[in-house]
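In: Here is the input, now give the coordinates:
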Amino acid sequence: MRQRKKHETEHATGHATDGATTHGATHGAVHGQGGAEVPGVRTGRRTLLTGLVAAAAGAPLLSALSAGTARASSADELYTSNTELYRHFAASADPADGEGKDFARRFKRHEVRDFDKAGQSAYALTTVLAIHGGGIEVGTSELCLGIAGYDPEPYPEPERAGAVYPGLAEGEPLYDFWMFEGMRSGTAKDADGNLLTNKQLHVTAVHCDDHVAVSMTAGSLNTLSVHGLRWEQAHPRYKDHPEQLPDKKGVVVGGLDDVFRAILTKHLRNAGFQIFPGSGAVNGDEERNICNRTMTGKGAQLELTRELRDSFFSATADSPGERGKSCKSNAQYRKFVQACRAAIVEREAPQRAQAGLGG
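Out: Residues are numbered from 1 along each chain as shown. Next up is the predicted model:
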């Protein structure tokens, strides 16, 4: 039996060997199963911004955040921002380099219209992120898609791209999502014969400045950002005594949204998943972390150990297609996705009630 390759970026260490297949960006109105429109956020701008953003009084403005010092999770990060990464590939002598070969960006931003002079407009409540998807932090793309309500299997047919999650019930919500994915294979090399890894494409969360990602989070009340890490980072107490932690499958629940963190913790624990304490470097508590650059200045972040992510796929799934296909029949994956989706619904409930929205 072939065993899945274990090398990937886990923040500071490892080399990625997995590729990824991109569907491309998709757009459209918010619809659920059968074409039924998912209840949107329809309320006055002034009401929403006053009632909901004011609830986060004291949250820093984006202009204020730019003056802070960003804390990177990897001292040897090759690119200090997404902008620097994109500019590097734009200047490459080989036009094939970059997006579509080295990396992919996939997102779904549900269409919003505002032709109403009364000031009515739709607002996205929650955006799901996987800023280190594909071969960078393996498994996070599939989780992001599932949590957002989309099929994690990367279909080659354009007409099947963006399909909803199999079995999604009529009227269940679909969420906006954004992903940056490493696509390099384990044997990719540059013109000088140097190994090209997905680790080199890792841009830490506080440095993420992709314009689409930033605009989506800045226009949302909540974010759920999905990451991967090593178990030693998730439970540092046992770093020197790994035998004392026999089950290394766990998740660190972070971010500055205390309410969302508590809800996520409750639902994930009830679903049977271990909550690990993490540490300052992986707890998502930096104000400039992309998960916290929302309308309210706070969001949520999940950091899953490799052992937990591996449990969501078959033992031989070593490509994006195989992972996306195998996880759909995996009970643990489905439980994790459903726990996160239930947590989002609970987090949004008081926000919808305050804005006078239907469930």
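In: show me where this structure has strands.
Out: Using DSSP state E, the strands of the chain run over 26-28, 42-44, 103-110, 120-122, 124-134, 176-182, 220-229, 250-254, 274-275, 300-305.
In: Show the low-confidence segments of the chain, by residue range.
Out: 1-75, 119-123, 357-359 (pLDDT under 70).
In: Show me the beta-bridge partners of the closest residue to residue 260 other than its chain neighbours.
Out: Of all residues beyond its chain neighbours, the one nearest residue 260 is residue 300 (4.2 Å), with distances taken as C-beta to C-beta, 6 or more residues apart in numbering. The C-beta positions use only the backbone N, C-alpha and C, and glycine is treated the same way. Note on residue 300: beta-bridge partners by DSSP bridges are residue 224.
In: repeat for the one 5 residues further on
Out: Applying DSSP bridges to residue 305 gives these bridge partners: residue 229.
In: and stretch 168-181, how far apart are its ends?
Out: 25 Å (C-alpha to C-alpha, to the nearest Å).
In: what ranges do the helices span in this structure?
Out: Ranges of helices within the chain are 45-48, 62-65, 82-90, 140-148, 211-218, 231-234, 258-270, 306-310, 320-326, 331-355, based on DSSP state H.
In: Deepest-packed of the ones you listed, please.
Out: helix 140-148 (a mean of 28; mean count of other C-beta atoms under 10 Å).
In: which helices and strands sit right next to it?
Out: Contacts defined by 3 or more C-beta pairs under 8 Å, 6 or more residues apart in numbering; DSSP states H and E place helix 140-148 against strand 124-134, strand 176-182, strand 220-229, helix 320-326, helix 331-355.
In: Let me know whether residue 172 touches residue 148 as I believe.
Out: No: if you go by C-beta atoms under 8 Å, residue 172 and residue 148 don't touch, sitting 11.2 Å apart.
In: How about the contacts made by residue 340?
Out: 143, 147, 224, 264, 267, 268, 302 (C-beta atoms under 8 Å, 6 or more residues apart in numbering).
In: that older thread, for the strands of the chain, which one sits closest to residue 95?
Out: strand 103-110 (15.0 Å; C-beta to C-beta).
In: between the closest one and helix 211-218, how many degrees?
Out: 40 degrees (axes from the mean of the first three to the mean of the last three C-alpha atoms, to 10 degrees).
In: between strand 103-110 and helix 140-148, how many degrees?
Out: Interaxial angle, strand 103-110 versus helix 140-148 (the same axes, to 10 degrees): 10 degrees.
In: where does residue 296 fall, phi/psi-wise?
Out: phi -100, psi 0 (degrees, to the nearest 10).
In: Touching, it and residue 223? I think so.
Out: No: under the criterion of C-beta under 8 Å, residue 296 is not in contact with residue 223, lying 10.0 Å apart.
In: quick one: which of these two has more around it?
Out: Set residue 296 next to residue 223 and count neighbours by other C-beta atoms under 10 Å: residue 223 wins out with 31 against 20.
In: Pull up the gap between the closest residue to that one other than its chain neighbours and residue 311, please.
Out: Nearest residue to residue 223 in three dimensions, chain neighbours excluded: residue 299, at 3.6 Å (C-beta to C-beta, 6+ apart). Separation of residue 299 from residue 311 (C-beta to C-beta, to the nearest Å) stands at 26 Å.
In: Next, the contact list for residue 208, please.
Out: Per C-beta under 8 Å, 6+ apart, neighbours of residue 208: 81, 82, 131, 180, 214, 290.
In: what's the nearest residue to it if we skip its chain neighbours?
Out: residue 290 (4.2 Å).
In: For residue 141, see how far away the one you found is.
Out: For residue 290 relative to residue 141 (C-beta to C-beta), the value is 16 Å.
In: just to revisit the earlier point, list the contacts of the residue nearest to residue 223.
Out: 217, 222-225, 255-257, 260, 284, 289, 291-293.
In: 10 Å instead, please
Out: Residue 299 is in contact with 126-127, 129, 217, 220-225, 254-257, 260-261, 284, 289-293, counting by C-beta atoms under 10 Å, 6 or more residues apart in numbering.
In: just to revisit the earlier point, make TSV from the helices and strands packed on helix 140-148 and add distance to residue 113 to it.
Out: Shown next, in TSV, are the helices and strands packed on helix 140-148 (distance: least, C-beta to C-beta, whole Å):
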stretch	distance to residue 113
strand 124-134	13
strand 176-182	15
strand 220-229	18
helix 320-326	32
helix 331-355	18
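In: closest one to residue 200 among those?
Out: Closest approach to residue 200 among those (C-beta to C-beta): strand 176-182, 8.6 Å.
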